[in-house]
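# Just to be clear, the model below is a prediction. Sequence and coordinates:
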Amino acid sequence: MAKKCFLLSFLILLYITVTKAAMGVDFSGSGGVGVGIGGGGGGGMWVGPVSNYVPTTDNPSRLNITYNALQAWKSAISDDPLGILRNWVGTNICSYKGIFCSDPDRFIIGGIDLNHANLKGTLVNDLSIFNEMTLLHLNSNRFSGVIPDTFKDLSSLQELDLSNNLFTGSFPSVILYMQSLIYLDLRFNSFTGSIPDELFNKRLDAVFLNNNEFSGQIPDNLGGSSASVINLANNKLVGNIPASVGFMSSNLKEILFLNNQLTGCIPEGVGLFTEIQVFDVSYNSLMGHLPDTVSCLSDIEVLNLEHNKLSGELSNLVCSLKSLVNLTVSYNFFSGFSQECSRLPNRNVGFDFAGNCIPGRDWQRPQPQCSEVPGSGLNCFRIPAVQPVVCGGMVENFGAP
């Protein structure tokens, strides 16, 4: 989970709570201000109780617009088994459960947090009037349909969490118009079609698209993303891992492509992920040898390559990575590993190499399966080996003819 987004959520809602307190808010009511970071069903945190504050400024026009929008949405919700919306009555909208006002006197909605409410319904165009709203957290509900095009008017929205719902259709292009967005979580839905190139031109810190039905290739400009976490796992993506991954921001900490239909080689550029901590490409059809530049992943903790068609030998360069916690290479076609790999269990590093072609080791493939290594004729671009590999010069070498 992205720490920046968590801190941002905390500060936004803390500000709302403090503002209410400064105005003489009565904190005797029940409930609280929810801060959800997303997570396809993850937890939340509470900052103070729900306010019973009644606005004093006479602003009937704004009140009517806001009230009507929320009531229109309530009408589009057909099932509320937990009674979350029971107090959505009357004009004291800032006391509605899950609704947080950044300016109660002007009826300005600063955030909506209805995580884990198990609500069934759809999103309505009326919500787009909340153009000063900074977060919309709706994970773990039963919302369905599509994201309204009018949501492009949510110009202040910084966090959008629609994970673990029943949304369908292509990638909601309206998201590309949300100028302030930094956290996007669409995982555990049923979105289909391709992932738009424009997504990775946005200044996002976290991109969670896993567990949908996205297809097509990963956009070539993936490397232009500034995100610290990118999760594209459990979709139907095909083709190669873009070479541009080698030029991603140093902010990148986790990238997950597992359980797709990716082919080709692991690009040389992964060796430039010097600060990445999790790299998971398991359950694909990647072939060829690992690039020696993997040895530059000095901060890598989890390296998961299992269930592919990779071959060659695991060298000291891989098994000497100092931050490793878990190295999984099972069910490939590796033909051996170095002495340093044999010492991994002594370092309390998880090391699973079952289902390969390593002579003299238990739980390997039958010999007939190892006689023809998949992708043996595949030509993976590789930087000429320099021993030892000098990671500091990687960028220049990568661009060399």
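Looks like it came in fine. Numbers count the residues shown, from 1 in each chain.
# Tell me where the model's unsure across the stretch 251-400 of the chain.
When residues are selected by pLDDT under 70, those of the stretch 251-400 of the chain lie in 273-274, 381-400.
# Helices along that one, start to end?
316-319, 339-342, 367-370, 394-398 (DSSP state H, counting those that start in this stretch).
# Can you tell me which of the ones you listed is most buried?
Stretch with highest mean neighbour count among those: helix 316-319 (a mean of 20; mean count of other Cβ atoms under 10 Å). Just so you know, the C-beta spots here come from the backbone N, C-alpha and C atoms, and that holds for glycine as well.
# Output the contacting helices and strands for that one.
Packing partners of helix 316-319 (3 or more Cβ pairs under 8 Å, 6 or more residues apart in numbering; DSSP states H and E): helix 339-342.
# Could I have the CA atoms of the helix it packs on written out in PDB?
Taking C-alpha atoms only, helix 339-342 is exported to PDB below (Å, rounded to 0.1, in the frame of the first residue of the first chain):
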ATOM      1  CA  GLN A 339      26.800 -22.700  -4.500                       C
ATOM      2  CA  GLU A 340      25.500 -19.300  -3.300                       C
ATOM      3  CA  CYS A 341      22.000 -20.500  -4.100                       C
ATOM      4  CA  SER A 342      22.600 -23.600  -2.000                       C
END
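# who touches it?
314, 316, 318, 319, 320, 327, 351, 353 (Cβ atoms under 8 Å, 6 or more residues apart in numbering).
# how about a cut-off of 6 Å?
314, 316, 319, 320 (Cβ atoms under 6 Å, 6 or more residues apart in numbering).
# Now find how far off-centre that helix is within its chain.
Put simply, helix 339-342 sits 34 Å off its chain's centre (Cα atoms, centre = their mean, to the nearest Å).
# just use 5 as the starting number from now, easier for me
Renumbered: residue one is now 5, and that last one reads helix 343-346.
# Determine which two of the contacts of helix 343-346 are furthest apart.
318 and 324 (10.8 Å; Cβ to Cβ).
# more crowded one of the two?
Each of residue 318 and residue 324 has its neighbours counted (other Cβ atoms under 10 Å); residue 318 has more, 27 against 14.
# Hmm, the more buried one is touching residue 340, no?
No. Using Cβ atoms under 6 Å, residue 318 is not in contact with residue 340; the gap is 7.3 Å.
# mind listing what the spatially most central residue of the chain touches?
Central residue of the chain (Cα atoms, centre = their mean): residue 212, 2.4 Å from the mean position. Shown in contact with residue 212 (Cβ under 6 Å, 6+ apart): 189, 191, 235.
# and these, which of them are in helices?
Judged by DSSP state H, helices contain none of the contacts of residue 212.
# Pull out the buried positions in stretch 81-100.
By 16 or more other Cβ atoms under 10 Å, the buried positions in stretch 81-100 come out as 81, 84, 88, 89, 91, 92, 96, 97, 98, 99, 100.
# Go through those residues and name the one nearest residue 164.
Residue 164 lies nearest to residue 81 out of the buried residues of stretch 81-100, by Cβ to Cβ, at 18.7 Å.
# Pretty sure the closest one sits against residue 121.
No. The pair residue 81 / residue 121 is not scored as a contact, 9.3 Å apart, by Cβ under 6 Å.
# Residue 293: neighbour count?
By other Cβ under 10 Å, 18 other residues sit near residue 293.
# Could you check how far it is from residue 191?
Distance of residue 293 to residue 191, computed by Cβ to Cβ, to the nearest Å: 32 Å.
# Residue 171 too?
Using Cβ to Cβ, residue 171 is found at 11 Å from residue 191.
# So for those two, which residue has more residues nearby?
Set residue 171 next to residue 191 and count neighbours by other Cβ under 10 Å: residue 191 wins out with 27 against 21.
# Pull the contacting residues for that one.
44, 167, 212, 214, 215.
# Make TSV out of these and add distance to residue 279, secondary structure and pLDDT.
Listed next are the contacts of residue 191 as TSV, based on distance: Cβ to Cβ, whole Å; DSSP: H, G, I helix; E, B strand; the rest coil; pLDDT from 0 to 100:
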residue	distance to residue 279	secondary structure	pLDDT
44	25	coil	44
167	26	coil	98
212	20	strand	98
214	22	coil	98
215	26	coil	98
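# ok, residue 95 - contacts?
Per Cβ under 6 Å, 6+ apart, neighbours of residue 95: 67, 71.
# Relative to residue 112, how far out is it?
15 Å.
# next one: residue 345
Distance, residue 345 to residue 112, by Cβ to Cβ: 59 Å.
# And for residue 292?
Counting by Cβ to Cβ - residue 292 and residue 112 are separated by 55 Å.
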